[in-house]
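Asker: here is the input, now give the coordinates:
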Amino acid sequence: MAGAAVLGRLTWQLCEVAELVAETPEVKTIVLDAPDWPGHLAGQHVDVRLTAEDGYQAQRSYSIASAPEEARLALTVERLADGEVSPYLTDVLVVGDKLELRGPIGGYFVWNAGEGGPALLVGGGSGVVPLMAMIRHRAAVESDTPMRLLYSAKRLDDLIYRDELEELAARGDGFEVFFTLTREQPEGWRGFGGRVDGELLAKVAWPAADEPHAFVCGPTGFVEAVATALVQSGLPPGHVKTERFGPTGG
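Answerer: Numbers count the residues shown, from 1 in each chain. Coordinates of the predicted model:
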């Protein structure tokens, strides 16, 4: 499968919840059996639709966390306290339940190992989810493409996939991970502290002369600041792909 999915051609399908994984106190991964899934590219997302007994429907978009090579589909959802959909997905959903979704959607914010690199991934909060699909795809196909992830979260407990990311980086196959904590850094913390800015990017990113391809995902303000800093460092705007999210009601 290649290219962007056209919404008008997508149909809703029922998928069964096979596993629920608590990633952080506020984030959960939903692993789904999706027998009719057409396949996806790393970086794409799906629409999830909930229907109440009275017929009321609520719909939200969630990034796909699993690699295209994986047998099951994984969505990682952050619980928003005032959300309409995310509290149900993180607090009520149980194994065996059915979820209605359609996808995959999106053809711009995607990465394929065949494109080469280097690839710079910059994620803020749950914006790491589509980037994780890219990282897992790279690992699944045993690519040696140089890839770096700079991941910003408020606190240590807010880092999603931390153990898996550190295990992948420990392989020494060209994938590196850097964490920065913006609110609290625990005693003995060896990562960075503070927000992602031009100074921090200069420590992590490849020189603009190497023409890395950058993928930036997170809240709107975060994405705009990082993308601007990357372009100001000399990286061509066409090498910076962004995906942002804001208040949607969750």
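
Asker: how about the residue minimising distance to the centre of the chain, secondary structure?
Answerer: With distances taken as Cα atoms, centre = their mean, residue 129 lies nearest the centre of the chain, 1.7 Å away. Applying DSSP: H, G, I helix; E, B strand; the rest coil to residue 129 yields a three-state assignment of helix.

Asker: could you do the one 4 residues further on as well?
Answerer: Classification of residue 133 using three-state DSSP returns helix.

Asker: isn't it up against residue 69?
Answerer: No: because the distance of 10.4 Å does not satisfy Cβ atoms under 8 Å, residue 133 is recorded as not touching residue 69. From N, CA and C alone the C-beta is placed, and that goes for glycine too.

Asker: compare neighbour counts for those two and give me the winner.
Answerer: residue 133 (27 against 12; other Cβ atoms under 10 Å).

Asker: pLDDT on stretch 26-40, on average?
Answerer: Mean pLDDT, computed over stretch 26-40, is 95.

Asker: first-to-last residue distance for it?
Answerer: Length of stretch 26-40, first residue to last, Cα to Cα, to the nearest Å: 26 Å.

Asker: from the contact counts, what lies against the longest strand seen in the chain?
Answerer: In terms of residue count, the longest strand belonging to the chain (DSSP state E) is strand 13-24. Strand 13-24 is packed against strand 27-33, strand 98-105, with contacts defined by 3 or more Cβ pairs under 8 Å, 6 or more residues apart in numbering; DSSP states H and E.

Asker: list the buried residues in the last one.
Answerer: Judged by neighbour count (16 or more other Cβ atoms under 10 Å), strand 98-105 contains these buried residues: 99, 101-105.

Asker: just put the residues you listed in CSV and tack on pLDDT and distance to residue 54.
Answerer: As requested, these are exported to CSV (pLDDT from 0 to 100; distance: Cβ to Cβ, whole Å):
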residue, pLDDT, distance to residue 54
99, 96, 19
101, 96, 21
102, 95, 22
103, 95, 26
104, 96, 30
105, 96, 28
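
Asker: just these now: which is nearest residue 46?
Answerer: Of all the buried residues of strand 98-105, residue 103 has the smallest distance to residue 46: 3.3 Å, by Cβ to Cβ.

Asker: for that closest one, which residues are in contact?
Answerer: Residue 103 makes contact with 5, 10, 40, 44-47, 64 under the criterion Cβ atoms under 8 Å, 6 or more residues apart in numbering.

Asker: about what we covered before: out of the helices and strands packed on strand 13-24, which comes closest to residue 241?
Answerer: Smallest distance to residue 241 across the helices and strands packed on strand 13-24 (Cβ to Cβ): 15.6 Å, for strand 98-105.

Asker: so what touches the following helix or strand past that closest one?
Answerer: Downstream of strand 98-105, the next assigned helix or strand under DSSP states H and E is strand 119-124. If you take Cβ under 8 Å, 6+ apart as the criterion, strand 119-124 is touched by 111, 129, 131, 134-135, 145-153, 196, 201, 204-206, 212-219, 222-223, 226.
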